[in-house]
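# Quick one: sequence and predicted model below, then my questions.
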There are 2 protein chains.
Amino acid sequence: MRTLYHHTLSPFARRIRLMLHEKKLPFDEVVQETWREDPAFLKINPAGDVPVLIDGESMTLTDDGVITEYLEDAYPDPPLIGRDPIRRAEARRLAALFDRDFFTEVTQLIAGELLIKRFVAQTAPDARILKDGRARLLEYLRQIGWLADRRSWLAGDDLSIADLTAGAHLSLIDYTGNVPWDDHPEAKAWYARLKSRPSFRCLLADSLPGIPPAPVYADLDF
Amino acid sequence: MRTLYHHTLSPFARRIRLMLHEKKLPFDEVVQETWREDPAFLKINPAGDVPVLIDGESMTLTDDGVITEYLEDAYPDPPLIGRDPIRRAEARRLAALFDRDFFTEVTQLIAGELLIKRFVAQTAPDARILKDGRARLLEYLRQIGWLADRRSWLAGDDLSIADLTAGAHLSLIDYTGNVPWDDHPEAKAWYARLKSRPSFRCLLADSLPGIPPAPVYADLDF
């Protein structure tokens, strides 16, 4: 028995979904609206956030970073962090860049205003915050393009948590139709390869009630 | 050649110092005052924070989490995260608890007010913030006591990053003399064992110019 508690609005849970599919680990899903009080869920995770992974009878894991490392330790094939210490450090460095910097500079600004505010609080987005998020997004698209131009995948020769983490965050921005892909052809080519992987299908099927994704979101030929 | 950029005020750098000593990896130290602009250091780490580890000719690592995992990958003996996936997850869970929750609820409040504010900004501490930090510290001391009563070390049978991370943060609070050890005998016994390890000597020798440590700080028989 393996169960993942997640929500489409959580980029951190999105990465875990991608990892589970890449490692071909079947799992049941529970979509958890973490902003609603749910005593049963708080018993499982007192912090109240997702992702939460229950793996087997007694293994309950919270904290997306802990879950990421656990999945790689417990199910090493295929490796998604890497095979040697230097490549593993590079994959983790880039994953941290997206989980920490991109999250606070872009995800929270664009997805926060256009999805979370609308869906959770039913309030209107702040145009200045959106503008700031869109400007900072460009820097990351340039950085992705620079890496994708020099390497097969962001951290090196193989797909890794660097790609899955970047894809998890970017897919949420793409849901809103706010990624200027055509101005960034190298980043677009990298994302097209990522998006066409079978593991990505689960994300592309997501739809928030009342806030459908932008047409580009699930289009593999965007 | 191995060089660590660190500062006594950084609990994250404190853990890396402990790890390097536990793994018996010799290193040169650079004490970096990260709040002063230093163009040479910003070239090494544009984010401007410590720890930064240079390992060998070309390996520059930033981000304390990345450095922690790299040290374990590259120098697995003795293991400080653990040997099997479940124990590794538990060690990482506890390390994250201290790095994220304890840091924002206790370290930033007590060490932030009594050390960082005084040393960096030369301003007086806010008594309400201090009181809040001291109250929250008690919850963690109870939690450490509960774990130490049931396990040899916080995450299980062996010393791990759980102990080193908790010790890194607590040592900074202890520097200010604000840990009520005598009310928490199990936590005190655990800390006494940690403090008497050779790896801990480097921390106990720390002293901030103008703000000497509380007498208890370097006392092994506290």
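Ah, there it is. Because the structure is a prediction, the values reported are computed rather than measured.
# contacts and neighbour counts: CA atoms only from here.
Noted.
# Quick one: the helices in chain A, in order.
A:11-22, A:39-44, A:64-74, A:85-96, A:108-111, A:127-150, A:161-175, A:185-195, A:201-204 (DSSP state H).
# Work out the gap between the fifth one and the centre of the chain.
Relative to its chain's centre, helix A:108-111 lies at 13 Å (Cα atoms, centre = their mean, to the nearest Å).
# cool, the last one as well?
Remark: helix A:201-204 is offset 11 Å from the chain centroid, using Cα atoms, centre = their mean.
# what does the longest one give?
Averaged C-alpha coordinates place helix A:127-150 at 16 Å from its chain's average position (Cα atoms, centre = their mean).
# now it and helix A:185-195, what's the angle there?
Put simply, helix A:127-150 runs at 80 degrees to helix A:185-195, going by axes from the mean of the first three to the mean of the last three Cα atoms, to 10 degrees.
# next one: the first one
With the same axes, to 10 degrees as the basis, helix A:11-22 and helix A:185-195 are set at 60 degrees to each other.
# Any part of helix A:11-22 near chain B?
No: residues of helix A:11-22 are not located near chain B by Cα under 8 Å from any Cα of the partner chain, the shortest gap being 15.1 Å.
# Measure how that helix sits relative to helix A:161-175, angle-wise.
Using the same axes, to 10 degrees: helix A:11-22 against helix A:161-175 is 120 degrees.
# Show me what helix A:11-22 packs onto, helices and strands only.
Using 3 or more Cα pairs under 8 Å, 6 or more residues apart in numbering or on different chains; DSSP states H and E as the contact definition, the elements that helix A:11-22 packs against are helix A:64-74, helix A:161-175.
# Make CSV out of the helices of chain A and add mean neighbour count and distance to B:Pro212.
Output for the helices of chain A, formatted as CSV (neighbours: other Cα atoms under 10 Å in any protein chain shown; distance: least, Cα to Cα, whole Å):
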stretch, mean neighbour count, distance to B:Pro212
helix A:11-22, 23, 42
helix A:39-44, 12, 43
helix A:64-74, 19, 37
helix A:85-96, 22, 35
helix A:108-111, 25, 41
helix A:127-150, 17, 43
helix A:161-175, 25, 43
helix A:185-195, 18, 52
helix A:201-204, 16, 54
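# Reformat the ones you listed as a markdown table; add distance to B:Gly65 and mean pLDDT.
Listed next are those as a markdown table, based on distance: least, Cα to Cα, whole Å; pLDDT from 0 to 100:
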| stretch | distance to B:Gly65 | mean pLDDT |
| --- | --- | --- |
| helix A:11-22 | 17 | 98 |
| helix A:39-44 | 26 | 96 |
| helix A:64-74 | 10 | 97 |
| helix A:85-96 | 9 | 97 |
| helix A:108-111 | 22 | 98 |
| helix A:127-150 | 22 | 98 |
| helix A:161-175 | 15 | 98 |
| helix A:185-195 | 26 | 98 |
| helix A:201-204 | 28 | 97 |
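# of all those, which lies closest to B:Arg17?
B:Arg17 lies closest to helix A:85-96 among the helices of chain A, at 18.3 Å (Cα to Cα).
# so who does the residue nearest the centre of chain A touch?
In chain A, the C-alpha nearest the mean C-alpha coordinate belongs to A:Ala168, at 1.9 Å (Cα atoms, centre = their mean). Contact partners of A:Ala168, counting by Cα atoms under 8 Å, 6 or more residues apart in numbering or on different chains, are A:11-12, A:14-15.
# How is chain A divided into domains?
According to automatic domain parsing, chain A comprises the domains A:2-74, A:85-200.
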